[in-house]
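Participant: model this:
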Amino acid sequence: MQTTDLGNKESGKIWHRKPSPATRDGIIVNIIHNTSEYHPKVLRFLNVAFDGSGDCLIAGDHQGNIYVFDLCGNRFNLVQRTAQACTALAFNLRRKSEFLVALADYSIKCFDAVTKELVSWMRGHESSVFSISVHASGKYAITTSSDTAQLWDLDTFQRKRKLNIRQSVGIQKVFFLPLSNTILSCFKDNSIFAWECDTLFCKYQLPAPPESSSILYRVFAVTRDGRILAAGGKSNHLHLWCLEAAQLFRIIQMPTKVRAIRHLEFLPDSFDAGSNQVLGVLSQDGIMRFVNIQTCKLLFEIGSLDEGISSSVISPHGRYIASIMENGSLNIYSVQALTQEINKPPPPLVKVIEDLPKSKLSSSDLKVKVTSGRVQRPATSRESKMQTRILKQDLTGNFENKENELSDGLNKKRLQILLKGYGEYPTKYRMFIWRSLLQLPENHTAFSSLIDKGTHVAFLNLQKKYPIKSRKLLRVLQRTLSALAHWSAIFSDTPYLPLLAFPFVKLFQNNQLICFEVVATLIINWCQHWFEYFPNPPINILSMIENILAFHDKELLQHFIDHDITSQLYAWPLLETVFSEVLTREEWLKLFDNVFSNHPSFLLMTVVAYNVCSRAPLLNCKLKDDFEYFFHHRNNLDINVVVREVYHLMETTPTDIHPDSMLDAFVALTKGQYPVFNQYPKFIVDYQTQERERIRNDELDYLRERQTVEDMQAEVDQQRAEDEAWHQKQELLRKAEEARREILLQEEEKMIQQRQSGMIWPLPTLPASYPSATHTDVVHMRDQEIAATARDLEMRQLELESQKRLYEKNLTRNQEAVAKEVREDVDAYRRKMDLEEHMFHKLIETDQNQSQKTQKVIEENLAKAEQACLNADWQIHTLHKQKCDDLQRNECYQEVAKLLQENRRKEIEVLNAMMAEEAKKRKEAEEKEFYLRSEKKASALSDASRKCFLQQEISDALEHAENPYNKVSLNRRTMEWDAMEENLMEKVRNLRKRLTAQARNRCQTPGLLAT
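Facilitator: Residues are numbered from 1 along each chain as shown. Okay, here's the model as predicted:
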């Protein structure tokens, strides 16, 4: 099965190699749609529809991306992004490139798949549209929702009619009958009406189903000729209606596993003239079963319980089935690969039946019944043939080699035969076969204990060395590698372990237990002696490969030697990556199908075969960089040729250099607990572990001291910044004080100068016009001036004192603010000291608590070890009990086998008796047929004589009409003929009696012999 991921691509190929669907599942391709964002997610497909040709289909996902898939041209194209989920899809049958989409906003849009443009936008529904039915002419379309159905004209995209119903009834489905002008409307109360499309006249209504098998119809399907309607619901019964007679003519009961029917669709056949006989029934378990409605025979089925089907659509020509799976992917099936009963031409009308000699005829010969020009063979011969084949399998199954028996009922020898015949295991069952071949124990408890230890120190920074895009894949790889490192210490120091485990992690990422056990089994068996020269590559294994290459291709080895290319370059890169760098996914899976099915030496032989099959390009390489590139990148090499070469090397390699004699046979993992893995130089690993632990501790101490120094430096810097801020504030206060003092000094100087100028006040000069002023007047005037000056000085003094008080008040306020800031700084420093002391005491308490926790963990580990011992004893006891049960079960099986053999003997006797009875019945049938032929011969003889008599009478009558005088002779002749007729009838009666007596004697003879 091929898988195609659409990703963010707008166009591309559907499959990259020619599809070859298997008969078991018939899947041509599995289409998924994953986004490549930071957090990748799966976009689920919701609806799919075929066009009129059946070779092109359209599919939409829940984000509104609509793709067109051309199955003949092997291309897909993104034709529209609607930004909302589509609820129904349909092609316009008149304009082939247009399609209709029902969206989540209850509207219907028409797009052109070629130009990717919007053609029309139709509104009118008030609920989600779940069905679109297009008329055979392409002129009309019916859209159905739960409350209404609307008829649209696709030429004008205008609504023509609207079906309104009562809210309590509800619509199940409204659709056109194929190749007719009739609309069928199905309601939730099981009423079904047929309407004329043009006039909307009700043509007929189907009667109610019988009460004995009454079900509520939910799904419907109609044959291409529009004669038969299939209906189903929440039951395992199917009702088949004849629409011409408007009556129920058949009820089909599905298997008991079917409890409800979710979808019905007829499978078209090219040679049935539209009267489809095969019906696809999708049930609640996600399996779609295809049955013949005439013979009620199950032909084939698609889907499974693990991969269920959500909905399906069948192409008009019946070649493809498109199914939307429950996981959101899209599967395309080939009907031709699933069954040969469909699209098979009818047999010729003329058949030639040759007579065989009587000596070759026997009662067991197969008889052919010819009716209506068709040859029909009874089905009993096929059934007896199938029974014979089953008996043969049962008889030969007892002689299988017990050493090749695997778990789950598989046999290794048979798997190897299957593998050599097909080259690979079936994709659907590959993981199951691998688990059986590797005999995985599935130790859930032991694996959980490894996982509970957490991520190993060696893989904490795995994403830096291996930047994997998928977070989930990186997490699973990290857990698997950590579990391996906790299982054995050497794996924490193995640099190539991520490369070795990555392909298996990617394959089993959804089952981490199986992934871990597969990698562990691979290391124990196929990586034997790899770690004896650790940390160097396995020189002993590489030497084996070099010896085998020297025996089979000396020229290539000499070319490697001439260019200084060692086995560490042409063999080790393939081994440490298990060929994942040089092979594609499909090639790698095919290779490991063969690796896991053979001896552990098969992997080493594969390295040699890869070099031998690539000798032509390798001989052309001259530079070391070219060799390195060749063994680290994919090359144009057929993996089937490599596998055949490996089997050839396994058979032709001498015993003295064959790795089969140097490597142990396959050993499975033990049940319960995993085995101890210590096949490595322990002192080197222990020394490296101790050194790594010492370096880690030193690094932790260094980081701790560095953090302490950084904290102290931050505190010093903070204190320095606080001191500088305090000094700046003090400097500002000092400058403000100096400025205030200068201002006061200047004011005082001004006041002194004013006082000095007031004490030496000049006398006023009298005007010339005042000659008669006396001395008394002059003195009075001077006193008044002095008094005015004194008042001015007093006022000035009061202003100076008020200014002085204001400045003093401001100075006092500033000093109080500075003192408050200083006190706050002192308090902050004191709190900081208290906090440091508290942290120091807390550190001491933490250290003590850590010591107590460590002691507690040690005690818990000791208790766990004791519990593990108890569990092991209990498991041993359980295993012993299981062995006893197995012995008892074996005895029971032997008794059952004896009973089966006795039953087979009795069945053979019954079969022989039935064959004898059949021979007797056939013989009786032959005798009756012989009697019937005799009766027919007698009747034919009588008819011939009667005809002859009538002809003679007619001729005599004609002669009498010509000659009336011969009446006497005519009467005489009449009397003679009457006498002859009586004699002849008497002879016929005697003959019939004699034949009846003979037949009775023959019928009684076998009965007497049987008694």
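
Participant: now do the helices in the stretch 501-650 of the chain.
Facilitator: Assigned by DSSP state H, counting those that start in this stretch, the stretch 501-650 of the chain shows helices spanning 512-525, 539-552, 554-562, 567-570, 572-576, 585-596, 601-613, 615-620, 624-630, 639-652.

Participant: can you redo those helices as CSV with mean pLDDT?
Facilitator: CSV is the format used below for those (pLDDT from 0 to 100):
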stretch, mean pLDDT
helix 512-525, 92
helix 539-552, 91
helix 554-562, 91
helix 567-570, 90
helix 572-576, 91
helix 585-596, 92
helix 601-613, 93
helix 615-620, 90
helix 624-630, 90
helix 639-652, 91
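
Participant: count of residues packed around Cys296?
Facilitator: Here the count is done by other C-beta atoms under 10 Å, and Cys296 has 12 residues near it. Every residue, glycine included, has its C-beta placed from N, CA and C.

Participant: please name the nearest non-neighbouring residue to it.
Facilitator: Ile252 (5.9 Å; C-beta to C-beta, 6 or more residues apart in numbering).

Participant: show me the shaky parts of the protein.
Facilitator: Low-confidence regions of the chain, defined by pLDDT under 70, span residues 36-40, 167, 271, 273, 341-409, 679, 681-688, 758-782, 960-974, 1002-1011.

Participant: grab the most central residue of this protein for me.
Facilitator: Asn327 (5.7 Å; C-alpha atoms, centre = their mean).

Participant: backbone dihedrals for it, please?
Facilitator: Phi and psi for Asn327, reported as degrees, to the nearest 10, are phi -90, psi 0.

Participant: if I look at it, how far off is Cys86?
Facilitator: 19 Å (C-beta to C-beta, to the nearest Å).

Participant: quick one: buried residues of stretch 142-158?
Facilitator: Neighbour counts over stretch 142-158 (16 or more other C-beta atoms under 10 Å) mark 142-145, 147-152, 154 as buried.

Participant: let me see the contact set for the residue nearest to Cys296.
Facilitator: 237-238, 240, 291, 293, 296 (C-beta atoms under 8 Å, 6 or more residues apart in numbering).

Participant: type out the ChimeraX command that picks the buried ones from the residues you listed.
Facilitator: Of the contacts of Ile252, the buried ones can be selected in ChimeraX as follows, counting by 16+ other C-beta under 10 Å:
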select :237,238,240,291,293
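
Participant: and the strands in the stretch 301-450 of the chain?
Facilitator: All strands of the stretch 301-450 of the chain, identified by DSSP state E, counting those that start in this stretch, fall at 309-314, 320-325, 330-334, 369-371, 374-376.

Participant: dump those strands into CSV; add mean neighbour count as well.
Facilitator: Below are the strands of the stretch 301-450 of the chain laid out as CSV (neighbours: other C-beta atoms under 10 Å):
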stretch, mean neighbour count
strand 309-314, 20
strand 320-325, 23
strand 330-334, 23
strand 369-371, 9
strand 374-376, 12
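
Participant: so which of these comes closest to Phe560?
Facilitator: Nearest to Phe560 among those is strand 330-334; the distance by C-beta to C-beta comes to 47.6 Å.

Participant: just want the angle from the closest one to strand 320-325.
Facilitator: With axes from the mean of the first three to the mean of the last three C-alpha atoms, to 10 degrees as the basis, strand 330-334 and strand 320-325 are set at 150 degrees to each other.

Participant: who does strand 330-334 pair up with?
Facilitator: Using DSSP bridges, the strands paired with strand 330-334 are strand 27-32 (antiparallel), strand 320-325 (antiparallel).

Participant: which one of those strands lies nearest to Arg805?
Facilitator: Proximity to Arg805 (C-beta to C-beta) singles out strand 27-32 among those, at 90.6 Å.

Participant: show me which residues of that closest one are buried.
Facilitator: 27-32.

Participant: beyond it, next helix or strand please.
Facilitator: strand 45-50 (DSSP states H and E).

Participant: what's the first helix or strand after that following strand?
Facilitator: strand 56-61.

Participant: wait, Ile183 sits on Lys173?
Facilitator: No - applying C-beta atoms under 8 Å as the test, Ile183 and Lys173 come out as separate, 11.0 Å apart.
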